[in-house]
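Trainee: Sequence first, then the predicted structure, then my questions.
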Amino acid sequence: GESVGLHLPTLSVQEGDNSIINCAYSNSASDYFIWYKQESGKGPQFIIDIRSNMDKRQGQRVTVLLNKTVKHLSLQIAATQPGDSAVYFCAEKEGGSYIPTFGRGTSLIVHP
Amino acid sequence: GAGVSQSPSNKVTEKGKDVELRCDPISGHTALYWYRQSLGQGLEFLIYFQGNSAPDKSGLPSDRFSAERTGGSVSTLTIQRTQQEDSAVYLCASSRDPVGKGEQYFGPGTRLTVT
(Lines give C-alpha, C1' and ligand atoms only; values in the text may rest on other atoms or scores of the structure.)
Protein backbone atom coordinates (compact mmCIF):
# COMPACT_ATOMS: atom_id res chain seq x y z
CA GLY A 1 0.00 0.00 0.00
CA GLU A 2 0.95 3.64 -0.14
CA SER A 3 2.86 5.02 2.80
CA VAL A 4 3.98 8.09 4.63
CA GLY A 5 7.60 8.37 5.68
CA LEU A 6 10.14 10.73 7.13
CA HIS A 7 13.54 11.66 5.75
CA LEU A 8 15.32 12.15 9.09
CA PRO A 9 14.68 9.93 12.08
CA THR A 10 16.64 12.22 14.45
CA LEU A 11 17.21 15.97 14.36
CA SER A 12 19.44 17.77 16.87
CA VAL A 13 19.36 21.56 17.11
CA GLN A 14 20.51 24.28 19.44
CA GLU A 15 18.01 26.25 21.46
CA GLY A 16 16.92 29.29 19.50
CA ASP A 17 17.57 27.75 16.09
CA ASN A 18 14.83 27.07 13.61
CA SER A 19 13.95 23.41 13.04
CA ILE A 20 12.63 21.80 9.91
CA ILE A 21 11.14 18.32 9.98
CA ASN A 22 10.35 16.70 6.67
CA CYS A 23 7.84 14.12 5.55
CA ALA A 24 7.30 12.42 2.21
CA TYR A 25 3.99 10.92 1.23
CA SER A 26 3.07 8.78 -1.74
CA ASN A 27 -0.73 8.75 -1.81
CA SER A 28 -1.67 11.40 -4.34
CA ALA A 29 -5.30 11.12 -3.21
CA SER A 30 -4.46 12.39 0.27
CA ASP A 31 -6.07 15.75 0.87
CA TYR A 32 -5.52 16.35 4.55
CA PHE A 33 -2.27 16.37 6.49
CA ILE A 34 -1.59 16.66 10.19
CA TRP A 35 1.46 17.07 12.37
CA TYR A 36 1.49 15.57 15.85
CA LYS A 37 3.96 16.01 18.70
CA GLN A 38 4.58 13.16 21.10
CA GLU A 39 6.49 13.81 24.29
CA SER A 40 7.99 10.96 26.24
CA GLY A 41 5.34 8.94 28.06
CA LYS A 42 2.45 10.80 26.48
CA GLY A 43 0.10 10.33 23.57
CA PRO A 44 0.50 12.32 20.34
CA GLN A 45 -0.80 15.87 20.48
CA PHE A 46 -2.18 17.78 17.49
CA ILE A 47 0.06 20.65 16.38
CA ILE A 48 -1.18 21.90 13.05
CA ASP A 49 -2.96 20.67 9.95
CA ILE A 50 -3.25 21.63 6.31
CA ARG A 51 -5.59 20.76 3.48
CA SER A 52 -4.38 20.00 -0.01
CA ASN A 53 -5.87 23.23 -1.40
CA MET A 54 -3.26 25.16 0.58
CA ASP A 55 0.52 25.20 0.38
CA LYS A 56 1.30 26.95 3.64
CA ARG A 57 -0.30 27.37 7.01
CA GLN A 58 1.06 29.15 10.06
CA GLY A 59 0.45 28.64 13.73
CA GLN A 60 2.18 29.88 16.81
CA ARG A 61 5.91 29.39 16.09
CA VAL A 62 5.05 26.58 13.67
CA THR A 63 4.53 26.58 9.94
CA VAL A 64 3.50 23.68 7.75
CA LEU A 65 4.44 23.67 4.09
CA LEU A 66 2.87 21.37 1.52
CA ASN A 67 4.37 20.70 -1.89
CA LYS A 68 1.91 18.52 -3.78
CA THR A 69 4.11 18.38 -6.86
CA VAL A 70 6.77 16.37 -5.07
CA LYS A 71 4.46 15.01 -2.37
CA HIS A 72 6.40 16.62 0.44
CA LEU A 73 5.32 18.03 3.77
CA SER A 74 7.42 19.94 6.26
CA LEU A 75 7.03 21.33 9.73
CA GLN A 76 9.03 24.41 10.61
CA ILE A 77 9.49 25.38 14.25
CA ALA A 78 10.80 28.87 14.87
CA ALA A 79 13.12 29.65 17.79
CA THR A 80 13.18 26.05 18.96
CA GLN A 81 12.97 25.61 22.72
CA PRO A 82 13.95 22.66 24.96
CA GLY A 83 10.23 22.04 25.48
CA ASP A 84 9.96 21.27 21.77
CA SER A 85 12.03 18.13 22.26
CA ALA A 86 9.74 15.28 21.25
CA VAL A 87 8.92 12.89 18.43
CA TYR A 88 7.04 14.52 15.59
CA PHE A 89 4.71 12.50 13.37
CA CYS A 90 3.14 13.47 10.11
CA ALA A 91 -0.14 11.85 9.11
CA GLU A 92 -2.08 11.91 5.88
CA LYS A 93 -5.69 11.17 5.16
CA GLU A 94 -7.55 10.61 1.96
CA GLY A 95 -10.82 12.40 1.38
CA GLY A 96 -13.73 10.37 2.71
CA SER A 97 -11.43 8.12 4.72
CA TYR A 98 -11.59 7.98 8.48
CA ILE A 99 -8.23 6.30 9.06
CA PRO A 100 -5.12 8.47 8.77
CA THR A 101 -1.76 6.95 7.92
CA PHE A 102 1.06 7.92 10.25
CA GLY A 103 4.72 8.21 9.43
CA ARG A 104 7.39 6.61 11.59
CA GLY A 105 8.30 9.86 13.36
CA THR A 106 11.30 12.14 13.77
CA SER A 107 12.92 12.65 17.13
CA LEU A 108 13.74 16.33 17.71
CA ILE A 109 16.41 16.99 20.33
CA VAL A 110 16.93 20.58 21.43
CA HIS A 111 20.19 21.35 23.20
CA PRO A 112 20.15 24.27 25.65
CA GLY B 1 -12.77 19.63 29.70
CA ALA B 2 -11.38 16.17 30.29
CA GLY B 3 -9.30 14.59 27.59
CA VAL B 4 -9.05 10.96 26.59
CA SER B 5 -8.12 8.74 29.50
CA GLN B 6 -6.72 5.24 29.48
CA SER B 7 -6.16 2.65 32.16
CA PRO B 8 -4.03 1.13 33.37
CA SER B 9 -1.05 3.31 32.48
CA ASN B 10 1.25 0.32 32.76
CA LYS B 11 0.53 -3.38 32.65
CA VAL B 12 2.99 -6.22 33.12
CA THR B 13 1.63 -9.66 32.39
CA GLU B 14 2.92 -13.15 31.90
CA LYS B 15 2.92 -14.77 28.49
CA GLY B 16 -0.35 -16.59 27.91
CA LYS B 17 -2.46 -14.42 30.18
CA ASP B 18 -5.36 -12.26 28.96
CA VAL B 19 -5.34 -8.48 29.41
CA GLU B 20 -7.97 -5.77 29.16
CA LEU B 21 -7.13 -2.17 28.34
CA ARG B 22 -9.67 0.59 28.88
CA CYS B 23 -10.29 3.86 27.05
CA ASP B 24 -12.60 6.72 28.03
CA PRO B 25 -12.98 9.05 25.02
CA ILE B 26 -13.87 12.71 25.08
CA SER B 27 -17.58 13.18 25.71
CA GLY B 28 -19.45 13.74 22.48
CA HIS B 29 -16.78 12.23 20.23
CA THR B 30 -18.47 9.57 18.15
CA ALA B 31 -15.31 8.09 16.67
CA LEU B 32 -12.85 6.03 18.68
CA TYR B 33 -9.59 4.45 17.51
CA TRP B 34 -7.12 2.00 18.96
CA TYR B 35 -3.49 2.05 17.84
CA ARG B 36 -0.39 0.12 18.78
CA GLN B 37 3.00 1.79 18.99
CA SER B 38 6.12 -0.30 19.27
CA LEU B 39 9.39 1.22 20.48
CA GLY B 40 10.66 3.80 18.01
CA GLN B 41 7.90 3.07 15.55
CA GLY B 42 4.88 4.87 14.21
CA LEU B 43 1.29 4.19 15.01
CA GLU B 44 -0.24 0.95 13.83
CA PHE B 45 -3.99 1.15 13.37
CA LEU B 46 -5.93 -1.60 15.13
CA ILE B 47 -9.66 -0.87 15.19
CA TYR B 48 -12.14 1.97 14.64
CA PHE B 49 -15.58 2.57 16.14
CA GLN B 50 -18.05 5.11 14.78
CA GLY B 51 -21.32 5.57 16.61
CA ASN B 52 -23.48 2.47 16.42
CA SER B 53 -21.95 1.24 13.17
CA ALA B 54 -20.07 -2.03 12.92
CA PRO B 55 -16.42 -1.42 13.84
CA ASP B 56 -13.61 -1.50 11.31
CA LYS B 57 -11.45 -4.35 12.60
CA SER B 58 -9.13 -4.44 9.61
CA GLY B 59 -6.03 -3.57 11.66
CA LEU B 60 -6.30 -6.26 14.31
CA PRO B 61 -3.19 -8.42 13.95
CA SER B 62 -4.77 -11.72 15.03
CA ASP B 63 -7.94 -13.22 16.44
CA ARG B 64 -6.40 -12.91 19.90
CA PHE B 65 -7.25 -9.20 19.71
CA SER B 66 -10.78 -7.91 20.16
CA ALA B 67 -12.44 -4.69 21.24
CA GLU B 68 -15.80 -3.50 22.38
CA ARG B 69 -17.37 -0.11 22.80
CA THR B 70 -20.29 0.03 25.16
CA GLY B 71 -22.98 2.68 24.87
CA GLY B 72 -20.98 4.57 22.30
CA SER B 73 -18.51 5.69 24.94
CA VAL B 74 -16.03 3.55 26.88
CA SER B 75 -14.02 1.02 24.93
CA THR B 76 -12.11 -2.06 26.04
CA LEU B 77 -9.33 -3.69 24.04
CA THR B 78 -8.79 -7.32 25.00
CA ILE B 79 -5.73 -9.35 24.14
CA GLN B 80 -6.05 -13.07 24.82
CA ARG B 81 -3.15 -15.44 25.40
CA THR B 82 -0.62 -12.60 25.27
CA GLN B 83 2.67 -13.10 23.49
CA GLN B 84 5.94 -11.23 23.97
CA GLU B 85 5.49 -9.53 20.60
CA ASP B 86 2.34 -7.91 21.98
CA SER B 87 4.55 -5.72 24.18
CA ALA B 88 3.95 -2.15 23.07
CA VAL B 89 2.16 1.06 23.99
CA TYR B 90 -1.53 0.89 23.17
CA LEU B 91 -3.01 4.28 22.33
CA CYS B 92 -6.63 5.26 22.16
CA ALA B 93 -7.89 8.32 20.30
CA SER B 94 -11.26 9.92 19.78
CA SER B 95 -12.50 12.30 17.13
CA ARG B 96 -15.54 14.49 16.60
CA ASP B 97 -15.30 14.53 12.84
CA PRO B 98 -13.33 11.50 11.61
CA VAL B 99 -14.14 11.80 7.91
CA GLY B 100 -13.85 15.54 7.66
CA LYS B 101 -11.07 17.29 9.47
CA GLY B 102 -10.03 14.06 11.12
CA GLU B 103 -8.23 15.61 14.08
CA GLN B 104 -7.71 12.98 16.73
CA TYR B 105 -7.25 13.43 20.46
CA PHE B 106 -5.04 10.81 22.03
CA GLY B 107 -4.92 9.36 25.48
CA PRO B 108 -1.62 8.84 27.32
CA GLY B 109 -1.51 5.18 26.35
CA THR B 110 -1.13 1.90 28.20
CA ARG B 111 2.34 0.41 28.20
CA LEU B 112 1.98 -3.36 28.00
CA THR B 113 4.91 -5.60 28.86
CA VAL B 114 4.56 -9.33 28.33
CA THR B 115 7.20 -11.32 30.20
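Mentor: Received it, and whenever you're ready, just let me know what you need.
Trainee: Next SSE downstream of the host helix or strand of B:Ile47?
Mentor: Using DSSP states H and E, B:Ile47 falls within strand B:43-50. Next along the chain after strand B:43-50, taking DSSP H and E as the criterion, comes strand B:65-69.
Trainee: what about that next one and chain A, any contact?
Mentor: No. Contact of strand B:65-69 with chain A (Cβ under 8 Å from any Cβ of the partner chain) is absent, the minimum separation being 14.7 Å. C-beta: built from backbone N, CA, C; applies to glycine.
Trainee: what's downstream of that strand, the next helix or strand?
Mentor: Sequence order places strand B:75-79 as the next helix or strand after strand B:65-69, per DSSP H and E.
Trainee: Counting by contacts, list what that following strand packs against.
Mentor: On a contact count with 3 or more Cβ pairs under 8 Å, 6 or more residues apart in numbering or on different chains; DSSP states H and E, strand B:75-79 meets strand B:19-24, strand B:31-37, strand B:43-50, strand B:65-69, strand B:88-95.
Trainee: quick check, distance from that strand to the centre of its chain.
Mentor: 7 Å (Cα atoms, centre = their mean, to the nearest Å).
Trainee: what is the rounded mean pLDDT of it?
Mentor: Throughout strand B:75-79, pLDDT has a mean value of 98.
Trainee: Can you give me the buried ones in it?
Mentor: For strand B:75-79, burial by neighbour count (16 or more other Cβ atoms under 10 Å in any protein chain shown) applies to B:Ser75, B:Leu77, B:Ile79.
Trainee: Can you tell me which of the residues you listed lies closest to A:Phe102?
Mentor: Of all the buried residues of strand B:75-79, B:Leu77 has the smallest distance to A:Phe102: 18.2 Å, by Cβ to Cβ.
Trainee: tell me the contacts of the closest one?
Mentor: Going by Cβ atoms under 8 Å, 6 or more residues apart in numbering or on different chains, B:Leu77 touches B:Glu20, B:Leu21, B:Cys23, B:Trp34, B:Leu46, B:Ile47, B:Phe65, B:Ser66, B:Ala67, B:Tyr90, B:Cys92.
Trainee: any idea which of those residues is closest to chain A?
Mentor: Nearest to chain A out of the contacts of B:Leu77 is B:Cys92 (Cβ to the nearest Cβ; 8.1 Å).
Trainee: Now for that closest one: which residues touch it?
Mentor: By Cβ under 8 Å, 6+ apart, the contact list for B:Cys92 reads B:4, B:6, B:21, B:23, B:25, B:32-35, B:75, B:77, B:106-107, B:109.
Trainee: Swap in 6 Å and give it another go.
Mentor: B:Val4, B:Gln6, B:Cys23, B:Trp34, B:Gly107 (Cβ atoms under 6 Å, 6 or more residues apart in numbering or on different chains).
Trainee: secondary structure element for the residue in chain A that chain B sits nearest to?
Mentor: Residue of chain A nearest chain B, by Cβ to the nearest Cβ: A:Gly43 (3.2 Å). Following DSSP H and E, one finds A:Gly43 outside all helices and strands.
Trainee: burial of it, as a residue count?
Mentor: A:Gly43 has 23 neighbours, counted by other Cβ atoms under 10 Å in any protein chain shown.
Trainee: quick one: contacts for the closest residue in space to it that isn't next to it in sequence?
Mentor: Distance criterion Cβ to Cβ, 6 or more residues apart in numbering or on different chains; nearest residue to A:Gly43, sequence neighbours excluded, is B:Phe106 at 3.2 Å. For B:Phe106, the contact set (Cβ under 6 Å, 6+ apart) comprises A:Gly43, A:Pro44, B:Leu91, B:Ala93.
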